[in-house]
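K.L.:
Give me a model of this one.
(3 chains)
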Amino acid sequence: MFASFMINAWEAATIVAIVAGVVGFFTVLRGEAFAAHSLPNGAFAGAAGAFLIGANTIVGLGVFSLAGAGMIAGLGRRARSDVATALTIVLMLALGDLFLSRTSEYAPEIFALLFGEVLGVSTSKLGPTAVIAAVCIASVIALYRPLMLSSVTPEVAEARGINPRVMDLAFLVVVALVTTMAVPVVGSLLIFSLLIGPPAAARSFTSRPLVAMGLSVLFALVTVWVAIAVSYESNLPIGFFVGAISAFAYTVGRAWTAWQQSRGRKVAR
Amino acid sequence: MVKTDPVASPGGPLRDGTDLAAPALVLEVDDVSVSLGGRRVLDQVSFSVQAGGFCGLIGSNGAGKTTLLRVILGLLTPSGGRIAVTGGTRRRRDPQIGYVPQKILLEADLPLRARDLVGLGLDGHRFGLSWPASKRRVVVDEMLDAVGAIRFADARIGNLSGGEQQRVMIAQALICRPKLLLLDEPLANLDIRSAAEVVELLARIAAEQRIAILLSAHDINPLLPVMDRVVYLADGRAASGTTDQVVRTDTLSQLYGHHVEVIHVQGRVLVVSGAEHQAHHAGDVDPFLRGV
Amino acid sequence: MLAASWSTLFEPGFFSSEPVRVALIVGAITAIVSGVVGVFTVIRGQSFAGHALSDIGTAGGSAAFLVGASTLYGFVAFNVVAAGVMELIGIRKPRGRDLATGIVLGASLGLAALFLYEGTISTSTTGATVNVLFGSIFTLPPGITTVMAVLGVTAVVLIGVLYRPLLLSSVSYELAAARGVPVRLVGAGYLLALALAVSMSAVTIGAILSTALLIGPAAIALRVASRTGVAIAIAAAVGVVACWAGTLIAYDSTVWAGGNGWPVSFCIVVVIFVFYIASGVVSRFRRNRRRATTTDQPLAVKPVEAA
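P.N.:
You can find the predicted model right below:
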């Protein structure tokens, strides 16, 4: 499985896993699992639209995911955040439906966006992918403290001069960038699972935020590596293994927490 | 508006802290009014708090307490009046003001220790990551010790009890050495014992650090032993002064605009509305008195 | 002249077309059921669960497709099981609950990937993927109306039976528990109704777009209504109108858009969004009117609770 044509897949998946671990830490902290699902899923409509007008599908992906981030943040001012996210994904997918209906052939690459085609990553794609990944990670590091403060105690953040709504939008933009870089590589299903599964498991095992972020990255890496290996051997889709491993990790994490708590609060400290 | 406060002189010259004869006025609220959605939420509220002073902001839900705190924090612009903190008009992100908000969403599995939360209070508004300096750790430890939270400094914040979390939030607010500490209903969800401990802690901090404390509550009784002045809010109007001056039948009746009766029972205070069945409790500790 | 404009609005063959008739009836039933369940979904903040169940059902639908069984039964079975799992995980705080929903969704999508892969291996048609994901209201088999009605009625009756305890526990879990409401049972019952409603709508207007009928009209209704009963009525009405108008637009579009015309799901979503924007305008107009009538003076005697 380490043949030369597979190296790209390993490298691409590793990059995605690292970004997912870092951004996923905040995704889970802020409870934005729905947005993590909606942006990658809805963005595929942008790719379909770009395909329709003959533009670069990645650009279409990027434009739509950023627009989606803006819409979730914008609608979220008046409506509840889950309603805003629901309406956003509904609109994006409806547009996707419209774009798809305009072509008579269902381009396989559109559906690859949904379920991932990590085995088909070309070397030329790795460069831009790594660059955007670096931008995402750098953004999270730069925003770390104000994002932590506004995610955990938004009122105190406000009193300190941080606008929580600006933070909301900024974080969603980062998720949109992650979407743009990861969906062509691993598909929307995988990036969603990686953004919530490993970080959710990680926080059960530590109470220190940076350690939790590190564990998220570690768990995400293990998840994709195992998934690629098993997928290669069994010839079954990677998405299945990523989803299953994420669910397993989450369950183990919760079981661990429950066990700790049943042993008494003194130990849990 | 009822003002029975002989000490503060709104708009008068502010003394600086070197004059020991009269402590500096850390907070001056001068004729502040706020209108929200066509409704007058605060109506010409005036009071002041000195350094080391402990002021209770009492009122039932909807009386305007949180609104007033937000105005002081600079998050809401009043439609009239002015606010001065240590003599100057306060800016947004004023490091002189520490703030403990009302409700904090701290889930059980948040990967954050108590010391991490306090650390965020130190520099959470700056970009990037914190430099892991030993000096920073010392400062955080000192603060945790001062609030009596050092023994659970490394515990997961979500696992702590309400009282313990409150201490950590206070530490987080104090770590930047503010001159003014605002707390929005800190005692609301605490049991009597925890509430008493928090009040005692705050009183000690006010005295030792010469910090002015403004704390909102709907029950005046836990604060009676430590408060040196009280601001009583009703319908956006305020009466301020010492407890004896404000919590009286005549003062509160004038404030509410109809007759209320202030009853002292076993060292506790009960405020009962004279008009029909509605009883507003300024203190409601004894259950058998609830029916009164 | 009236006849001319009538036929422009309702392209010839609209009312006589059998698929259209089925679509109108099915759409109406789906909209009513989704409206009823959707109002509670929005109140409880479980929009993610409502959306996730439509994707989760896809796994069931593809499993059923694989073994040649009816997609609908696969959907329903998977959704009911998933709803049960979500209830078992039973986290109450919204962030944790959405996280659990996400994990279940991720696992289900993985299963869907597996089943679809197996499916395409055996039948090699990617068109099947589209059908399962998007559904097609114009190509419903005629016998489906009865099954729809049964599912729909069950969901609505369930909500009806649970109405008061569900409303109370949605507004305040602790209060309901203190009053002796079996909150977990009620919550499970709600999730079951949600599973049925989503299965029904997912197969008709598409797994992904069932969310639109669930959340959209309910969100619209809650913006303008202040009582739950009224909100449910408005949500159902808006849903029905959106379905019918969307169907009409989609049918008409075959004439002026060329090809197959616009997909009906898209048209329905557009109508819902128009209503949503309109409801925003209405609620803001109402708020301004309330503001204008209150004078800016100190209040009278009685203390007034802040909004």
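
K.L.:
mind checking how far the one residue in the stretch 51-200 of chain C that gets nearest to chain B is from residue B:78?
P.N.:
Closest to chain B within the stretch 51-200 of chain C is residue C:93: 5.7 Å, counting by CB to the nearest CB. All C-beta spots, glycine's among them, are computed from the backbone N, C-alpha and C. According to CB to CB, to the nearest Å, residue C:93 and residue B:78 sit 35 Å apart.

K.L.:
what about these two, which has more around it?
P.N.:
residue B:78 (21 against 13; other CB atoms under 10 Å in any protein chain shown).

K.L.:
So the more buried one versus chain A, what's the distance?
P.N.:
17 Å (CB to the nearest CB, to the nearest Å).

K.L.:
doesn't that residue fall inside a strand?
P.N.:
No. The assignment for residue B:78 (DSSP: H, G, I helix; E, B strand; the rest coil) gives coil, which keeps it out of a strand.

K.L.:
List the contacts of it.
P.N.:
Residue B:78 is in contact with B:32-34, B:42, B:71, counting by CB atoms under 8 Å, 6 or more residues apart in numbering or on different chains.

K.L.:
Please list the members of those residues that lie in strands.
P.N.:
Within these, residues falling in strands by DSSP state E are B:32-34, B:42.

K.L.:
what helix or strand does the residue nearest the centre of chain C sit in?
P.N.:
Chain C has residue C:214 as the residue nearest its centroid, 2.1 Å off, counting by CA atoms, centre = their mean. Using DSSP states H and E, residue C:214 falls within helix C:210-224.

K.L.:
does chain A sit close to that helix?
P.N.:
Yes. Under the criterion of CB under 8 Å from any CB of the partner chain, chain A is reached by helix C:210-224 at C:211-212, C:215-216, C:219.

K.L.:
Residue numbers of the stretch 101-250 of chain B in contact with chain A?
P.N.:
Counting by CB under 8 Å from any CB, the stretch 101-250 of chain B sits next to chain A at B:101-102, B:104-106, B:108-113, B:116-117, B:120-121, B:123-130, B:152, B:154-157, B:159, B:169, B:172-173.

K.L.:
What subset of these is buried?
P.N.:
Neighbour-count burial (16 or more other CB atoms under 10 Å in any protein chain shown) applied to those gives B:101, B:104, B:106, B:109-113, B:116-117, B:120-121, B:123-125, B:130, B:152, B:155-157, B:159, B:169, B:172-173.

K.L.:
filter the residues you listed down to the ones close to chain C.
P.N.:
residue B:109.

K.L.:
quick one: which of the buried ones among the residues of the stretch 101-250 of chain B next to chain A sit in strands?
P.N.:
Short answer: these have none in strands (DSSP E).

K.L.:
what sits against whichever residue of the stretch 1-150 of chain A sits closest to chain B?
P.N.:
Residue nearest to chain B within the stretch 1-150 of chain A (CB to the nearest CB): residue A:149, separated by 3.6 Å. Going by CB under 8 Å, 6+ apart, residue A:149 touches A:156-157, A:160, A:162, B:120, B:124-125.

K.L.:
Listing request: residues of the stretch 151-292 of chain B with sub-threshold pLDDT.
P.N.:
B:274-292 (pLDDT under 70).

K.L.:
residues from it in reach of chain C?
P.N.:
B:234-237, B:256-258, B:280.

K.L.:
for the stretch 51-200 of chain A, same thing?
P.N.:
A:78-80, A:82-83, A:85-87, A:89-91, A:93-95, A:97-98, A:100-102, A:104, A:106, A:108, A:111, A:115, A:189, A:192-193, A:196-197, A:200.

K.L.:
quick one: secondary structure of the residue nearest to residue B:203 when sequence neighbours are not counted?
P.N.:
Take residue B:203 and drop its neighbours on the chain: the residue closest to it by CB to CB, 6 or more residues apart in numbering or on different chains is residue B:226, 4.0 Å away. Here residue B:226 is coil, with the state taken from three-state DSSP.

K.L.:
what's near enough to touch residue B:226?
P.N.:
B:54, B:199-200, B:202-203.

K.L.:
Pick out the most distant pair among the residues you listed.
P.N.:
B:54 and B:200 (11.2 Å; CB to CB).

K.L.:
between the two, who's got more neighbours?
P.N.:
Per other CB under 10 Å, whichever of residue B:54 and residue B:200 has more neighbours is residue B:54, with 24 against 14.

K.L.:
can you point me to the longest helix in the chain?
P.N.:
In the absence of a named chain, this looks at chain A. helix A:164-205 (DSSP state H).

K.L.:
Sorry, I should have been clearer: chain B.
P.N.:
helix B:192-209.

K.L.:
Compute the inter-axis angle for the helix or strand just after that one and helix B:192-209.
P.N.:
Under the assignment DSSP H and E, the closest C-terminal helix or strand after helix B:192-209 is strand B:212-217. Counting by axes from the mean of the first three to the mean of the last three CA atoms, to 10 degrees, strand B:212-217 points 160 degrees away from the direction of helix B:192-209.

K.L.:
From the chain's centre, how far out is strand B:212-217? Work that out for me.
P.N.:
Centroid separation for strand B:212-217 versus its chain: 2 Å, with CA atoms, centre = their mean, to the nearest Å.

K.L.:
partner strands of that strand, parallel or antiparallel?
P.N.:
strand B:54-58 (parallel), strand B:180-184 (parallel) (DSSP bridges).

K.L.:
Most tightly packed of these?
P.N.:
strand B:54-58 (a mean of 26; mean count of other CB atoms under 10 Å in any protein chain shown).

K.L.:
And the contacts of that one?
P.N.:
B:47, B:49, B:65, B:68-69, B:202-203, B:206, B:212-220, B:223, B:226-233, B:282.

K.L.:
mind running it again at 6 Å?
P.N.:
Contacts of strand B:54-58 with the rest of the structure, by CB atoms under 6 Å, 6 or more residues apart in numbering or on different chains, involve B:49, B:65, B:203, B:206, B:213-216, B:220, B:223, B:226-232.

K.L.:
Show me which residues of chain A sit near chain B.
P.N.:
Within chain A, the positions lying close to chain B (CB under 6 Å from any CB of the partner chain) are A:142, A:144-145, A:148-149, A:153, A:155-156, A:159-162, A:203, A:206-207, A:209, A:212, A:268-269.

K.L.:
Filter those residues down to just the buried residues.
P.N.:
A:144-145, A:148-149, A:153, A:155-156, A:159-160, A:162, A:203, A:206-207, A:209, A:212, A:268-269.

K.L.:
out of the contacts of residue A:149, which one sits closest to residue C:44?
P.N.:
For those, the nearest to residue C:44 is residue A:157 (27.4 Å; CB to CB).

K.L.:
Show me what the closest residue to residue B:215 other than its chain neighbours is bridged to.
P.N.:
Among residues not flanking residue B:215 along the chain, residue B:183 sits closest, at 4.4 Å (CB to CB, 6+ apart). Judged by DSSP bridges, the bridge partners of residue B:183 are residue B:100, residue B:215.

K.L.:
Residue B:183 touches residue B:101, doesn't it?
P.N.:
No. At 8.6 Å, residue B:183 and residue B:101 do not qualify as touching, with contact defined as CB atoms under 6 Å.
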